[in-house]
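Q: this is the structure alone, sequence omitted:
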């Protein structure tokens, strides 16, 4: 009886141990692959992040310029703003005075967007952008 | 008048579900009361259906005094979209979700003629769940609320993105999958509460498979919709809303496989019970994530914290109850020895992999929330995480699936098989070398793992057709076909990700533009009028000459909401899809075009369709066996 119990204990321990190792590995992998989300104001107060990150804000009125295949605009949170450059076709919902999220990196004082997402419709705002309005 | 009637019927149905569960609890002790609960349950469901039918009627007849219809439909819409507008937003979606839940339950209950304690408990569980959700619908998100006395003359119209046949099919299919898992859930739970000894998992096997088939189709359709209609340019984005649909799918996959083991060898019985509970709870979790809006997603859903809280407490309650019951009563099974190399051992190993996958996706979905709460910064978890996690698991799963093809139930591994498997791996190495040296395809580690897994499955399965040993012939055609489909999918994904590329150009009419790999000419661009939109249509020729492809991408502006949508133009072939999006007119009066070359998309859709076909074949077989 006792032997059976020890075996069971060992099994349970093994399962917990493996699960913990698994979780640790996954979390470790997660930490290397996170995308941080900032607002233009954050970029002033924090050290400019290295690598790619997400930036969210409103597209400033009258700031959209289309030059060749490149779209440039000013992304603002009404406190700070930053110029964003994006090469490619902009999403349908991308327009001035509405929300946008860009993914990319900082180059000098400009943000080079690799991906551009627009707000979905007039009723919808990603939770991360709610505090901007 | 009719909206009130529909509302009244809905409330009546909710009360009847409540009554059914109370009476059911009473009937656990008093057997003579059992005869009445099934008819009660049936009537509650019929009322639910009637109320939904009335909502459809109201939508078709443009009754804009109903707030939901006023804000999501319009008199100028075709009837088809008037109906599908019902599930284009939260309240109506939830209603459809509940109606489908009720219909599955009703079908299952009507198929069981017994009146023992087990079926009584099934009825109690089903009617309690239906009561809780109809109450949720009525009190937090009633689609039958009215705008009176000043009801609008016309509706605000459906979101143009949703004005698409994809919307009409994708959500109902997906919901059918989600809620179909209520059957194994209720059966597993009732089996524990009634301490029944009958093989519940055999009787719900085909129900589970059917739900799983619907979920597979629903996810596949969602993927296709994003690719063909929404113009997202791809088929899978690891977005939270996609991930939470993947969770019950992975769990359902584990469940149907584990069910095969427990019905063939009576191993894994406790495990099957656990999975049957988990799969439905994960479906509910999905509903919570989508409806509460607590996670950032590219999918647009109206969110409301009250609903989120209600749903969260509901799920917490259901999970606590189920898992507590499982811990106290779920382990009374006799164990059998499992031999390594037997079919059940391979399935068990794959179950472990699937659980790891579920855990990783779950963590990936919730991690931004945990991170923000504890550490502050907003983050998101993107494709790199999921790709890195999934690739090794897919590789191991592929190797197991391939090795398991000529394994048998309760028979150990035969070492001479190893040699055969080694030959297969050598063959794959040759294929990879060929791809590299002759076609210049060099996969990344992640792509390579998926490719190896896929080709290993395809090769071992194809070889098994020529197996002369009668005992080791393919026993189950459905499963055989499904796994082949899965193999094709695993080959299609890395080929697609490796070969596809994207180019953006700015063009003026009749001036050919040479990109790195293609020539693009804008032949013409003109305006046109549609039924409720005006559009700009471009005539684009790609690679004029022998391989010329003419495509007509379009931009539409819808009159009612002033919203713009792009209509992608796609030319599909087995090898490559040419995919063009029309962009804006730039400051130099050139049109911006995005040209994507997507390779082997056909293998991805084909793989999913073959998987589905296999499930259907298998379902037919079980049905025959059951009859």
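A: Yes, it's here. Since we're looking at a predicted model, the values are computed, not measured.
Q: pLDDT weak spots in the stretch 301-450 of chain B?
A: Low-confidence segments of the stretch 301-450 of chain B (pLDDT under 70): B:301-304, B:333-335.
Q: got the contact list for the closest residue to residue A:67 other than its chain neighbours?
A: Nearest residue to residue A:67, sequence neighbours excluded (CB to CB, 6 or more residues apart in numbering or on different chains): residue B:587, at 5.9 Å. Where C-beta positions appear, they are placed from N, C-alpha and C, glycine not excepted. Applying CB atoms under 8 Å, 6 or more residues apart in numbering or on different chains to residue B:587 gives the contacts A:65-67.
Q: with residue B:87 instead?
A: B:93, B:95-96, B:167, B:171-172 are the contacts of residue B:87 under CB under 8 Å, 6+ apart.
Q: confidence score at it?
A: As predicted, residue B:87 sits at a pLDDT of 91.
Q: and of the contacts of residue B:587, the nearest to residue B:181?
A: residue A:66 (48.5 Å; CB to CB).
Q: the closest one in helix, strand or coil?
A: strand (DSSP: H, G, I helix; E, B strand; the rest coil).
Q: for the residue nearest in space to the middle of chain A, helix, strand, or coil?
A: Central residue of chain A (CA atoms, centre = their mean): residue A:54, 3.6 Å from the mean position. Under three-state DSSP, residue A:54 falls in the strand class.
Q: can you give me the distance of residue B:253 to chain A?
A: Using CB to the nearest CB, to the nearest Å, one obtains 19 Å as the distance from residue B:253 to chain A.
Q: distance from the host helix or strand of that residue to the middle of the chain?
A: In the assignment (DSSP states H and E), residue B:253 maps to helix B:240-265. Put simply, helix B:240-265 sits 12 Å off its chain's centre (CA atoms, centre = their mean, to the nearest Å).
Q: which of the contacts of residue B:87 lies closest to residue B:4?
A: Nearest to residue B:4 among the contacts of residue B:87, with distances taken as CB to CB, is residue B:95, at 16.4 Å.
Q: element containing that closest one?
A: Per DSSP H and E: helix B:90-110 holds residue B:95.
Q: buried set for whatever helix or strand comes next after that helix?
A: Going down the chain from helix B:90-110, the next helix or strand is helix B:117-140, by DSSP H and E. Of the residues in helix B:117-140, B:117-138, B:140 count as buried by neighbour count, 16 or more other CB atoms under 10 Å in any protein chain shown.
Q: so where does the nearest residue to residue B:383 once chain neighbours are set aside fall, helix or strand?
A: Closest residue to residue B:383 apart from its sequence neighbours, by CB to CB, 6+ apart: residue B:238 at 4.6 Å. Taking DSSP H and E as the criterion, no element holds residue B:238; it sits outside all helices and strands.
Q: got it, and residue A:10?
A: helix A:2-32.
Q: just the buried positions in that helix, please.
A: Using 16+ other CB under 10 Å as the test for burial, helix A:2-32 gives A:26, A:30.
Q: just checking, what packs against the helix or strand in which residue B:396 is found?
A: Using DSSP H and E, the element containing residue B:396 is helix B:383-404. Contact here means 3 or more CB pairs under 8 Å, 6 or more residues apart in numbering or on different chains; DSSP states H and E; on that basis helix B:383-404 packs against helix A:2-32, helix B:343-375, helix B:416-439, helix B:445-465, helix B:477-499.
Q: among these, which comes closest to residue B:6?
A: helix B:343-375 (35.6 Å).
Q: quick one: pLDDT of the residue nearest to residue B:383?
A: 91.
Q: for it, what are its contacts?
A: If you count contacts by CB under 8 Å, 6+ apart, residue B:238 has them with B:364, B:382-383, B:385-387.
Q: reformat these as TSV; add neighbour count and distance to residue B:145.
A: Listed next are those as TSV, based on neighbours: other CB atoms under 10 Å in any protein chain shown; distance: CB to CB, whole Å:
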residue	neighbour count	distance to residue B:145
B:364	22	37
B:382	19	38
B:383	13	40
B:385	24	41
B:386	21	39
B:387	19	44
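Q: in the helix holding residue B:253, which residues are buried?
A: B:240-262, B:265.
Q: ok, now stretch B:383-400?
A: Under the neighbour-count criterion of 16+ other CB under 10 Å, stretch B:383-400 has B:385-391, B:393-400 buried.
Q: so where's chain B shaky on pLDDT?
A: Applying pLDDT under 70 to chain B picks out residues B:293, B:296-304, B:333-335, B:468-473, B:624-627.
Q: closest to the centroid, which residue in it?
A: residue B:219 (3.3 Å).
Q: how about the contacts made by residue 88?
A: Since no chain was named, I'll use chain A. Contact analysis of residue A:88 by CB under 8 Å, 6+ apart lists A:69, A:71, A:116, B:502, B:504, B:583, B:592, B:594.
Q: ah, no, chain B please
A: B:72, B:158-159, B:162, B:167.
Q: next one: phi and psi at it?
A: Note on residue B:88: backbone dihedrals following degrees, to the nearest 10 are phi -90, psi 0.
Q: buried residues, stretch B:163-175. List them.
A: Residues B:163-164, B:166-175 are the ones in stretch B:163-175 that count as buried (16+ other CB under 10 Å).
Q: now swap in stretch B:439-459 and tell me
A: Here stretch B:439-459 shows B:441, B:443, B:446-459 as buried, counting by 16+ other CB under 10 Å.
Q: buried ones in stretch B:423-443, by neighbour count?
A: For stretch B:423-443, a neighbour-count test (16+ other CB under 10 Å) marks B:424, B:428, B:432, B:435, B:441, B:443 as buried.
Q: could you do stretch B:188-208 as well?
A: B:188-194, B:196, B:200-201, B:203-208.
Q: in what helix or strand does residue B:285 lie?
A: Going by DSSP H and E, residue B:285 is in helix B:269-292.
Q: I'd like the next helix or strand past that helix.
A: Reading on from helix B:269-292 to the C-terminus, the next helix or strand found by DSSP H and E is helix B:305-329.
Q: tell me which residues are up against that following helix.
A: B:90, B:129, B:132-133, B:136, B:139-141, B:185, B:189, B:192-193, B:195, B:273-274, B:277, B:281, B:284-285, B:287-288, B:291-294.
Q: could you check how many residues crowd around the residue lying closest to residue B:578 once chain neighbours are set aside?
A: The shortest distance from residue B:578 to any residue other than its chain neighbours is 4.5 Å, reached at residue B:571 (CB to CB, 6+ apart). Using other CB atoms under 10 Å in any protein chain shown, residue B:571 is surrounded by 13 other residues.
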